[in-house]
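Peer 1: structure of the sequence below:
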Amino acid sequence: AVWRGLSTLAGSWIGGGANQAARLEIFEYNPDLYGGMVLVDIVVANIWMAILLMGIGKSDSIDRWLKADNSAIETLKKKVTAYADSVTRNPSLADLMVMLALAFGAVGFAHWSADGISVFLTENYEAFRDNKSALSSFASSFFWMISIATAV
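Peer 2: Now for the predicted structure:
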(Lines give C-alpha, C1' and ligand atoms only; values in the text may rest on other atoms or scores of the structure.)
Protein backbone atom coordinates (compact mmCIF):
# COMPACT_ATOMS: atom_id res chain seq x y z
CA ALA A 1 0.00 0.00 0.00
CA VAL A 2 2.73 2.44 -1.00
CA TRP A 3 0.09 4.60 -2.63
CA ARG A 4 -1.32 5.42 0.81
CA GLY A 5 2.00 6.88 1.92
CA LEU A 6 2.45 8.72 -1.35
CA SER A 7 -1.04 10.17 -0.97
CA THR A 8 0.04 11.76 2.31
CA LEU A 9 3.07 13.17 0.52
CA ALA A 10 0.88 14.58 -2.25
CA GLY A 11 -1.43 16.01 0.39
CA SER A 12 1.47 17.91 1.90
CA TRP A 13 2.49 19.33 -1.45
CA ILE A 14 -1.09 20.38 -2.20
CA GLY A 15 -2.13 21.80 1.15
CA GLY A 16 0.65 21.61 3.72
CA GLY A 17 1.21 19.58 6.85
CA ALA A 18 -2.41 19.66 8.01
CA ASN A 19 -3.51 18.20 4.69
CA GLN A 20 -0.82 15.54 4.98
CA ALA A 21 -2.06 14.56 8.44
CA ALA A 22 -5.66 14.48 7.21
CA ARG A 23 -4.71 12.09 4.42
CA LEU A 24 -2.94 9.90 6.96
CA GLU A 25 -6.29 9.47 8.70
CA ILE A 26 -8.42 9.23 5.56
CA PHE A 27 -6.32 6.63 3.76
CA GLU A 28 -5.37 4.79 6.98
CA TYR A 29 -1.65 4.74 6.27
CA ASN A 30 0.61 2.92 8.73
CA PRO A 31 1.42 5.43 11.52
CA ASP A 32 4.78 3.75 12.11
CA LEU A 33 5.86 4.53 8.53
CA TYR A 34 4.33 8.02 8.47
CA GLY A 35 7.50 9.62 9.85
CA GLY A 36 9.34 8.40 6.75
CA MET A 37 6.88 10.19 4.50
CA VAL A 38 7.27 13.39 6.54
CA LEU A 39 11.04 13.05 6.17
CA VAL A 40 10.72 12.56 2.40
CA ASP A 41 8.49 15.64 2.24
CA ILE A 42 11.01 17.77 4.13
CA VAL A 43 14.04 16.55 2.18
CA VAL A 44 12.41 16.95 -1.24
CA ALA A 45 11.04 20.39 -0.36
CA ASN A 46 14.44 21.61 0.86
CA ILE A 47 16.27 20.26 -2.19
CA TRP A 48 13.72 21.92 -4.47
CA MET A 49 14.08 25.20 -2.55
CA ALA A 50 17.87 25.04 -2.96
CA ILE A 51 17.48 24.50 -6.71
CA LEU A 52 15.10 27.46 -6.96
CA LEU A 53 17.41 29.73 -4.97
CA MET A 54 20.41 28.77 -7.10
CA GLY A 55 18.34 29.39 -10.23
CA ILE A 56 17.45 32.95 -9.20
CA GLY A 57 20.99 34.16 -9.74
CA LYS A 58 21.21 32.40 -13.09
CA SER A 59 17.79 33.33 -14.42
CA ASP A 60 19.14 35.13 -17.48
CA SER A 61 21.24 32.16 -18.61
CA ILE A 62 18.37 29.75 -17.85
CA ASP A 63 16.00 31.92 -19.88
CA ARG A 64 18.44 31.92 -22.82
CA TRP A 65 18.86 28.14 -22.57
CA LEU A 66 15.07 27.63 -22.48
CA LYS A 67 14.54 30.37 -25.12
CA ALA A 68 12.07 31.99 -22.74
CA ASP A 69 10.74 35.47 -23.43
CA ASN A 70 10.85 37.34 -20.13
CA SER A 71 10.45 40.83 -21.58
CA ALA A 72 6.99 41.22 -20.02
CA ILE A 73 8.43 40.40 -16.59
CA GLU A 74 11.29 42.87 -17.04
CA THR A 75 8.84 45.59 -18.13
CA LEU A 76 6.68 44.88 -15.10
CA LYS A 77 9.71 45.04 -12.80
CA LYS A 78 10.63 48.46 -14.19
CA LYS A 79 7.06 49.76 -13.80
CA VAL A 80 6.78 48.51 -10.21
CA THR A 81 10.17 49.96 -9.30
CA ALA A 82 9.29 53.32 -10.86
CA TYR A 83 5.95 53.41 -9.04
CA ALA A 84 7.52 52.44 -5.71
CA ASP A 85 10.14 55.17 -6.14
CA SER A 86 7.43 57.75 -6.93
CA VAL A 87 5.36 57.04 -3.82
CA THR A 88 8.14 56.33 -1.33
CA ARG A 89 8.31 58.82 1.51
CA ASN A 90 10.50 58.66 4.57
CA PRO A 91 8.51 59.46 7.70
CA SER A 92 9.44 62.61 9.56
CA LEU A 93 9.62 62.92 13.33
CA ALA A 94 6.12 64.41 13.31
CA ASP A 95 4.81 61.38 11.38
CA LEU A 96 6.43 59.01 13.87
CA MET A 97 4.96 60.92 16.82
CA VAL A 98 1.48 60.77 15.28
CA MET A 99 1.81 57.00 14.78
CA LEU A 100 3.01 56.58 18.36
CA ALA A 101 0.14 58.69 19.67
CA LEU A 102 -2.38 56.65 17.69
CA ALA A 103 -0.90 53.40 18.99
CA PHE A 104 -0.93 54.53 22.63
CA GLY A 105 -4.41 56.01 22.19
CA ALA A 106 -5.73 52.75 20.72
CA VAL A 107 -4.24 50.68 23.54
CA GLY A 108 -5.57 53.10 26.16
CA PHE A 109 -9.02 53.03 24.58
CA ALA A 110 -8.90 49.23 24.50
CA HIS A 111 -8.02 49.05 28.22
CA TRP A 112 -10.68 51.56 29.20
CA SER A 113 -13.51 50.07 27.14
CA ALA A 114 -12.60 46.44 27.95
CA ASP A 115 -13.12 47.02 31.65
CA GLY A 116 -16.45 48.73 31.01
CA ILE A 117 -17.74 46.03 28.69
CA SER A 118 -16.68 43.25 31.05
CA VAL A 119 -18.36 44.84 34.06
CA PHE A 120 -21.51 45.65 32.06
CA LEU A 121 -21.88 42.07 30.82
CA THR A 122 -21.30 40.43 34.20
CA GLU A 123 -23.63 42.82 36.07
CA ASN A 124 -26.51 42.65 33.60
CA TYR A 125 -26.54 39.10 32.23
CA GLU A 126 -26.48 35.84 34.17
CA ALA A 127 -25.05 33.84 31.24
CA PHE A 128 -21.81 35.80 31.40
CA ARG A 129 -21.41 35.21 35.15
CA ASP A 130 -21.96 31.42 34.98
CA ASN A 131 -18.58 29.69 34.48
CA LYS A 132 -20.31 26.70 32.90
CA SER A 133 -21.83 28.87 30.18
CA ALA A 134 -20.21 29.11 26.76
CA LEU A 135 -20.61 32.89 26.99
CA SER A 136 -18.57 33.22 30.19
CA SER A 137 -15.33 33.83 28.25
CA PHE A 138 -16.87 37.04 26.88
CA ALA A 139 -16.89 38.45 30.41
CA SER A 140 -13.08 38.54 30.45
CA SER A 141 -11.69 42.05 30.19
CA PHE A 142 -8.52 40.61 28.61
CA PHE A 143 -10.61 39.18 25.77
CA TRP A 144 -12.20 42.55 25.09
CA MET A 145 -8.90 44.44 25.41
CA ILE A 146 -7.22 42.23 22.78
CA SER A 147 -10.26 42.28 20.48
CA ILE A 148 -10.68 46.06 20.63
CA ALA A 149 -6.95 46.79 20.22
CA THR A 150 -6.82 44.46 17.23
CA ALA A 151 -9.90 46.01 15.64
CA VAL A 152 -8.61 49.56 16.14
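
Peer 1: what about L33, how many residues nearby?
Peer 2: Applying other CB atoms under 10 Å, we find 13 residues neighbouring L33. All C-beta atoms are positioned from the backbone trio N, CA, C, and that covers glycine.

Peer 1: assess the claim that it and G5 are in contact.
Peer 2: Yes. Using CB atoms under 8 Å, L33 is in contact with G5, at 6.2 Å.

Peer 1: what's the distance between I148 and F109?
Peer 2: From I148 across to F109, the span is 7 Å (CB to CB, to the nearest Å).

Peer 1: those two: who's more crowded?
Peer 2: I148 (18 against 14).

Peer 1: for that one, list the residues it contacts.
Peer 2: By CB atoms under 8 Å, 6 or more residues apart in numbering, the contact list for I148 reads F109, A110, S113, A114.

Peer 1: got it, and P31?
Peer 2: Counted by CB under 8 Å, 6+ apart, P31 has contacts L24.

Peer 1: in the chain, where's the longest helix?
Peer 2: Assignment by DSSP state H gives helix 93-124 as the longest helix of the chain.
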